[in-house]
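Visitor: Just the structure for this:
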Amino acid sequence: MKLTFLIAALVIALPAAAQNRLDPHGAPPGVDPNSFKPLGERGDVVPWRILAQVGVVKQNNRYVPQFSQNVTALDNKDVKIQGFMMPLEMGDKQSHFILSSMPQTCPFCMPGGPESLVEVKMKKPLAYGMEPVVITGKLAVLKDDPTGVFYRLTDAVAVK
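Guide: Below you'll find the predicted structure:
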(Lines give C-alpha, C1' and ligand atoms only; values in the text may rest on other atoms or scores of the structure.)
Protein backbone atom coordinates (compact mmCIF):
# COMPACT_ATOMS: atom_id res chain seq x y z
CA MET A 1 0.00 0.00 0.00
CA LYS A 2 2.78 2.46 0.94
CA LEU A 3 4.71 1.60 -2.22
CA THR A 4 1.63 2.21 -4.38
CA PHE A 5 1.12 5.60 -2.70
CA LEU A 6 4.79 6.53 -3.27
CA ILE A 7 4.66 5.55 -6.95
CA ALA A 8 1.42 7.52 -7.44
CA ALA A 9 2.97 10.59 -5.78
CA LEU A 10 6.03 10.38 -8.04
CA VAL A 11 3.89 10.00 -11.18
CA ILE A 12 1.98 13.14 -10.20
CA ALA A 13 5.04 15.16 -9.09
CA LEU A 14 7.47 14.43 -11.94
CA PRO A 15 5.57 16.23 -14.74
CA ALA A 16 5.09 19.26 -12.46
CA ALA A 17 8.79 19.30 -11.58
CA ALA A 18 9.71 19.04 -15.27
CA GLN A 19 7.60 22.12 -16.02
CA ASN A 20 9.39 24.16 -13.33
CA ARG A 21 12.99 23.34 -14.15
CA LEU A 22 15.44 25.96 -15.37
CA ASP A 23 16.42 26.10 -19.01
CA PRO A 24 20.04 25.20 -19.95
CA HIS A 25 21.11 28.86 -19.47
CA GLY A 26 19.81 28.98 -15.88
CA ALA A 27 16.74 31.12 -16.65
CA PRO A 28 13.49 30.41 -14.80
CA PRO A 29 10.51 29.18 -16.86
CA GLY A 30 8.99 31.86 -19.06
CA VAL A 31 12.04 34.15 -18.81
CA ASP A 32 14.17 34.97 -21.83
CA PRO A 33 17.59 33.35 -21.23
CA ASN A 34 19.22 36.21 -23.17
CA SER A 35 18.32 38.53 -20.29
CA PHE A 36 20.92 36.71 -18.14
CA LYS A 37 23.94 37.62 -20.24
CA PRO A 38 26.65 40.05 -19.08
CA LEU A 39 26.18 43.71 -19.90
CA GLY A 40 27.73 45.00 -23.10
CA GLU A 41 30.67 47.35 -22.69
CA ARG A 42 30.10 51.10 -22.75
CA GLY A 43 32.78 53.71 -23.30
CA ASP A 44 31.68 55.85 -20.35
CA VAL A 45 31.93 53.18 -17.60
CA VAL A 46 34.67 50.95 -16.20
CA PRO A 47 34.30 47.61 -18.00
CA TRP A 48 33.80 44.53 -15.85
CA ARG A 49 36.59 42.79 -17.81
CA ILE A 50 39.02 45.28 -16.20
CA LEU A 51 37.70 44.55 -12.69
CA ALA A 52 38.09 40.83 -13.48
CA GLN A 53 41.87 41.29 -13.86
CA VAL A 54 42.63 39.90 -10.42
CA GLY A 55 44.12 36.69 -9.16
CA VAL A 56 44.35 35.17 -5.70
CA VAL A 57 47.70 34.39 -4.09
CA LYS A 58 48.61 32.70 -0.83
CA GLN A 59 50.34 34.92 1.73
CA ASN A 60 51.00 33.92 5.34
CA ASN A 61 48.59 30.96 5.30
CA ARG A 62 45.72 32.96 3.72
CA TYR A 63 44.63 33.93 0.28
CA VAL A 64 44.59 37.58 -0.81
CA PRO A 65 43.73 39.25 -4.13
CA GLN A 66 46.49 40.34 -6.47
CA PHE A 67 45.24 43.07 -8.82
CA SER A 68 46.53 44.02 -12.27
CA GLN A 69 48.02 47.47 -12.87
CA ASN A 70 44.82 48.42 -14.72
CA VAL A 71 42.84 47.78 -11.54
CA THR A 72 45.25 49.37 -9.05
CA ALA A 73 45.26 52.52 -11.21
CA LEU A 74 41.53 52.89 -10.36
CA ASP A 75 42.09 52.84 -6.57
CA ASN A 76 40.70 55.98 -4.88
CA LYS A 77 39.52 57.36 -8.24
CA ASP A 78 36.04 58.57 -9.16
CA VAL A 79 34.60 56.03 -11.59
CA LYS A 80 31.32 55.04 -13.25
CA ILE A 81 30.19 51.42 -13.16
CA GLN A 82 27.13 49.83 -14.73
CA GLY A 83 25.52 46.79 -13.15
CA PHE A 84 22.56 45.16 -11.46
CA MET A 85 21.46 45.92 -7.90
CA MET A 86 21.50 43.16 -5.29
CA PRO A 87 19.86 44.58 -2.13
CA LEU A 88 21.46 44.08 1.26
CA GLU A 89 18.62 45.73 3.16
CA MET A 90 14.83 45.58 3.16
CA GLY A 91 12.87 48.30 1.37
CA ASP A 92 12.08 49.89 -1.97
CA LYS A 93 15.08 52.21 -1.77
CA GLN A 94 18.62 51.05 -1.19
CA SER A 95 21.58 52.97 0.19
CA HIS A 96 23.86 49.94 0.70
CA PHE A 97 23.84 47.18 -1.90
CA ILE A 98 25.96 45.03 -4.18
CA LEU A 99 26.36 45.98 -7.82
CA SER A 100 26.81 42.90 -10.00
CA SER A 101 27.99 42.38 -13.55
CA MET A 102 25.20 39.82 -14.04
CA PRO A 103 21.53 39.87 -13.07
CA GLN A 104 20.48 37.59 -10.24
CA THR A 105 18.76 34.39 -11.32
CA CYS A 106 18.01 33.25 -7.76
CA PRO A 107 17.65 35.19 -4.48
CA PHE A 108 20.05 32.79 -2.76
CA CYS A 109 22.72 32.58 -5.47
CA MET A 110 25.63 34.89 -6.19
CA PRO A 111 25.91 35.55 -9.92
CA GLY A 112 29.71 35.49 -9.90
CA GLY A 113 32.85 35.73 -7.82
CA PRO A 114 34.16 38.77 -5.92
CA GLU A 115 35.71 40.20 -9.11
CA SER A 116 32.20 40.63 -10.55
CA LEU A 117 30.74 42.43 -7.52
CA VAL A 118 31.12 45.94 -6.10
CA GLU A 119 29.84 46.94 -2.67
CA VAL A 120 28.05 50.30 -3.03
CA LYS A 121 27.35 52.92 -0.37
CA MET A 122 25.08 55.64 -1.79
CA LYS A 123 24.88 59.28 -0.68
CA LYS A 124 21.09 59.06 -1.12
CA PRO A 125 18.99 55.88 -1.37
CA LEU A 126 18.25 54.60 -4.85
CA ALA A 127 14.99 52.89 -5.89
CA TYR A 128 15.51 49.17 -6.36
CA GLY A 129 14.89 47.76 -9.83
CA MET A 130 15.76 44.80 -12.03
CA GLU A 131 17.18 46.96 -14.84
CA PRO A 132 20.90 47.83 -14.96
CA VAL A 133 21.95 51.09 -13.32
CA VAL A 134 24.99 53.33 -13.73
CA ILE A 135 26.58 54.48 -10.48
CA THR A 136 29.44 56.94 -9.97
CA GLY A 137 31.57 57.25 -6.86
CA LYS A 138 35.01 56.76 -5.34
CA LEU A 139 36.31 53.24 -5.97
CA ALA A 140 38.36 51.51 -3.29
CA VAL A 141 40.37 48.49 -4.42
CA LEU A 142 40.41 46.33 -1.28
CA LYS A 143 43.59 44.35 -0.91
CA ASP A 144 42.77 42.68 2.41
CA ASP A 145 39.10 43.16 3.32
CA PRO A 146 37.88 40.71 5.99
CA THR A 147 34.51 40.32 4.19
CA GLY A 148 36.18 39.04 1.00
CA VAL A 149 34.97 42.01 -1.05
CA PHE A 150 37.43 43.23 -3.70
CA TYR A 151 35.77 46.56 -4.57
CA ARG A 152 33.80 49.24 -2.73
CA LEU A 153 32.18 52.36 -4.23
CA THR A 154 31.54 55.14 -1.69
CA ASP A 155 29.83 58.53 -1.89
CA ALA A 156 27.99 57.01 -4.82
CA VAL A 157 25.22 58.62 -6.85
CA ALA A 158 23.09 57.30 -9.69
CA VAL A 159 23.81 58.59 -13.19
CA LYS A 160 20.78 59.36 -15.32
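Visitor: residues touching the residue nearest to the spatial centre of the chain, list them.
Guide: Centroid check for the chain by CA atoms, centre = their mean gives residue 100 as the closest residue, at 2.9 Å. Residue 100 is in contact with 83, 84, 85, 86, 111, 112, 116, 117, counting by CB atoms under 8 Å, 6 or more residues apart in numbering. The way it works is simple: take the backbone N, C-alpha and C, and place the C-beta from them, glycine included.
Visitor: wait, residue 152 sits on residue 137?
Guide: No. Using CB atoms under 8 Å, residue 152 is not in contact with residue 137, being 9.0 Å away.
Visitor: Any idea which of the contacts of residue 100 the model trusts least?
Guide: Within the set of the contacts of residue 100, pLDDT is lowest for residue 111 (75).
Visitor: What separation do you get for the residue nearest to the centre of the chain and residue 57?
Guide: 24 Å (CB to CB, to the nearest Å).
Visitor: Check which helices and strands the helix or strand encompassing residue 81 sits against.
Guide: Using DSSP states H and E, residue 81 sits in strand 77-87. For strand 77-87, the packing partners by 3 or more CB pairs under 8 Å, 6 or more residues apart in numbering; DSSP states H and E come out as strand 93-100, strand 117-127, strand 133-141, strand 151-159.
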